[in-house]
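In: I'll drop the sequence and a predicted model, then ask my questions.
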Amino acid sequence: MTDAIQTATAAKTEYNPGMVVRVHQKIKETNTKGEEKERIQIFEGTIIAAKHGQEAGGTVTVRKISNGVGVEKIFPIHSPVIDKIEIVREFDVHRAKLNYLRDPKFKRRMKEKKSTTK
């Protein structure tokens, strides 16, 4: 029952470029004995693009810097592999696609959005 509630609330959340999110992804691994284990891997980064809104095929492109190398992943929002997507913070942006974040000198231009909730 709680899974259905979590999915319903996650479906209502709109993910926009400029948000810093944590994506909890289920990973299946097999050990040397052939046993399958499932674990949760967290990918934290900035959304640089969001496509198709809340449709069945909606995706978000998340970018992070790992050991000095930029890593981008495209996550389907409604995939059963995605456990949950947490919003960490939001930045004010004026574009739908933040491809300029691939250039390191523009990273400092983003200003945090002022929150109205206390």
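Out: Cool, got the structure. Residues are numbered from 1 along each chain as shown.

In: Next, the nearest residue to residue 37 once chain neighbours are set aside: phi, psi?
Out: Excluding its sequence neighbours, the residue lying closest to residue 37 (C-beta to C-beta, 6 or more residues apart in numbering) is residue 29, at 5.2 Å. C-beta: built from backbone N, CA, C; applies to glycine. Taking degrees, to the nearest 10, you get phi -130, psi 150 for the backbone angles of residue 29.

In: so residue 29 touches residue 41, yeah?
Out: No: using C-beta atoms under 8 Å as the test, residue 29 is too far from residue 41 to be in contact (10.1 Å).

In: hang on, the earlier thing: what's near enough to touch the residue nearest to residue 37?
Out: Going by C-beta atoms under 8 Å, 6 or more residues apart in numbering, residue 29 touches 36, 37, 38, 39.

In: List the buried residues in the helix or strand hosting the last one.
Out: Assigned by DSSP states H and E, residue 39 belongs to strand 36-51. Of the residues in strand 36-51, those buried by neighbour count under the rule 16 or more other C-beta atoms under 10 Å are 43, 45, 46, 47, 48, 49, 50.

In: Could you pull out the helices in this structure for me?
Out: With DSSP state H as the criterion, the chain has helices at 2-12.

In: remind me which residues of it are low pLDDT?
Out: For the chain, applying pLDDT under 70 flags the ranges 1-12, 107-108, 115-118.

In: Roughly how far does the residue of it positioned farthest from its centre sit from residue 114?
Out: Within the chain, residue 33 marks the point farthest from the mean C-alpha position, 33.2 Å out by C-alpha atoms, centre = their mean. When C-beta to C-beta, to the nearest Å is the yardstick, residue 33 and residue 114 sit 53 Å from each other.

In: now do residue 31
Out: Taking C-beta to C-beta as the measure, residue 31 falls 48 Å from residue 114.

In: can you check residue 29 too?
Out: Noted for residue 29: a distance of 42 Å to residue 114, by C-beta to C-beta.

In: repeat for residue 59
Out: Per C-beta to C-beta, residue 59 is found 28 Å from residue 114.

In: out of the two, which sits in the more crowded spot?
Out: Between residue 59 and residue 114, counted using other C-beta atoms under 10 Å, residue 59 has the larger neighbour count: 17 against 7.
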